[in-house]
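Participant: sequence below, structure please.
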Amino acid sequence: MTDTQPGTPPQEVEQPQQSDILSQNQRTEQELLLRHPFYSAPELPTSPAIQAYLMCKDEFLYGASGFTLLGERGSGRKIALLVIRNLFQHEFPELATATWAPLPSELTTAAGTWRSLLAAVNHRFWGGASQDITSRLEKVIEERTAITGVYRFVLFVQNIETVDGATLEALAGLRDSLQVKGIQLFVVGSSEINAFRARTDGMTGPTKETIESLLGSGHVLRPLTSALDLVSVLHALDTLPYPDAGGVTWVQFFVPRAFAAGFRLSDQVATLKGAVDAYAANGRVTARFIFKTIKRMLGEASKVDQPGLTIGVDQWKRAMGLVLGDGITYLPAPTEE
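Facilitator: Residues are numbered from 1 along each chain as shown. Presented below is the predicted three-dimensional model:
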């Protein structure tokens, strides 16, 4: 946009150029960027997540009543749980499922906890005592499995370590009640590993046995740091379509010129691995950190989109620095003319 010099008559100000900032095309591009799947809730089928799914599926198929995905903060366990859910729904489309992600405020009372769970299974009437709500939940599961003809119900629970022991015992009771009716309730939870261990280590006797039988096997999500793991992420970004943007891939949206000339983010895995290894020497590398780095790198690459684009180790390191808050640059102060 051309700057207006002091003393310029108002009638000569080029208003259309000012409004170009909010032109329809630019608004559309900005909206597409805001809605880009990688910047909202990416459910990338990473190698660790797929490995966890395969183990979870074995437990499900061979009669276990639960599976718990464990990981440190930033390990990507919440996204991995969504990947497991999506893979279940893809492989077993007739299977009835529900996802429960309770807020801390919903878990302060027993009634609030059960109301939250009823909402997760799309039941509209949440009132009543805890026992009434539990009975209602059982009826919902009965109805949904009868509709599908597959008498198994999978409940995915985010941050299951925040659910109190009494609720977990009640869920185990619900599982037993459904089992008498020929319905299997399978609980797939995700939990921060230290909080989970603190919760289960503090249990004793029948309570411990009951809750452990509900939560099933614990699987620790492995770190996303090997070259094969990283290339699986980058390849997914290269190939996943962005339907709202006309079907271009996630990477192609950011660097269309380079992509048309053959650029693929997965070809940059060696330099990303070099930057990750350099960072790992001084700190723990988490999946969250790697995803943020890639997001930042795509944004930086979009500014220099051209055929022949490559991303070196130093560029990855700079993106890591920006994620960490290092290397922040400031725009120059405007000068008066």
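Participant: give me the secondary structure label for residue 154.
Facilitator: Here residue 154 is strand, with the state taken from DSSP: H, G, I helix; E, B strand; the rest coil.
Participant: so who does it touch?
Facilitator: For residue 154, the set of contacting residues under the criterion of Cβ atoms under 8 Å, 6 or more residues apart in numbering consists of 60, 85, 88, 95, 96, 97, 98, 186, 187, 188. To be clear about C-beta, it is placed using only N, CA and C from the backbone, and glycine gets the same treatment.
Participant: what's the farthest-apart pair in these?
Facilitator: 60 and 98 (14.9 Å; Cβ to Cβ).
Participant: circling back: of the contacts of residue 154 - the most surrounded one?
Facilitator: With neighbours defined as other Cβ atoms under 10 Å, the most crowded of these is residue 188; it has 26 neighbours.
Participant: quick check, that one in contact with residue 157.
Facilitator: Yes - using Cβ atoms under 8 Å, residue 188 is in contact with residue 157, at 7.1 Å.
Participant: for residue 156, list each beta-bridge partner.
Facilitator: In this structure, residue 156 bridges to residue 99, residue 188 when assessed by DSSP bridges.
Participant: pull out the buried positions in stretch 239-248.
Facilitator: Along stretch 239-248, these residues count as buried under the neighbour rule (16 or more other Cβ atoms under 10 Å): 240, 242, 245, 248.
Participant: next up, phi/psi of the second one, please.
Facilitator: Just to be clear, that refers to residue 242. In terms of degrees, to the nearest 10, the main-chain angles of residue 242 are phi -110, psi 90.
Participant: which residue ranges of the stretch 151-300 of the chain form strands?
Facilitator: 152-157, 184-192, 217-220, 241-242, 248-249 (DSSP state E, counting those that start in this stretch).
Participant: adding mean pLDDT and distance to residue 31, write these out as TSV.
Facilitator: Listed next are the strands of the stretch 151-300 of the chain as TSV, based on pLDDT from 0 to 100; distance: least, Cβ to Cβ, whole Å:
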stretch	mean pLDDT	distance to residue 31
strand 152-157	96	30
strand 184-192	94	31
strand 217-220	89	39
strand 241-242	90	12
strand 248-249	94	15
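Participant: which one of these lies nearest to residue 146?
Facilitator: Relative to residue 146, the nearest member of these by Cβ to Cβ is strand 152-157, separated by 10.9 Å.
Participant: low-confidence ranges in the stretch 51-200 of the chain?
Facilitator: Confidence mapping of the stretch 51-200 of the chain against pLDDT under 70 gives the ranges 124-131.
Participant: try 80
Facilitator: Counting by pLDDT under 80, the stretch 51-200 of the chain contains low-confidence ranges at 123-134, 199-200.
Participant: can you pull out the helices in it?
Facilitator: Along the stretch 51-200 of the chain, the segments classed as helices by DSSP state H, counting those that start in this stretch run 77-91, 110-120, 130-148, 165-180, 193-201.
Participant: isn't residue 149 up against residue 183?
Facilitator: No - using Cβ under 8 Å, residue 149 is not in contact with residue 183; the gap is 11.9 Å.
Participant: if you count what's nearby, which of the two comes out ahead?
Facilitator: Between residue 149 and residue 183, counted using other Cβ under 10 Å, residue 183 has the larger neighbour count: 20 against 7.
Participant: got TSV for the helices of the stretch 51-200 of the chain, with distance to residue 263 too?
Facilitator: Supplementary listing: these in TSV, determined by distance: least, Cβ to Cβ, whole Å:
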stretch	distance to residue 263
helix 77-91	26
helix 110-120	42
helix 130-148	44
helix 165-180	49
helix 193-201	38
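Participant: please name the nearest non-neighbouring residue to the spatially most central residue of the chain.
Facilitator: The C-alpha lying nearest the average C-alpha coordinate of the chain belongs to residue 79 (Cα atoms, centre = their mean; 2.9 Å). Using Cβ to Cβ, 6 or more residues apart in numbering and skipping residues adjacent in sequence, the residue nearest residue 79 is residue 43, 6.1 Å away.
Participant: same question for residue 224.
Facilitator: residue 287 (4.4 Å).
Participant: that's all I had, so thanks and see you.
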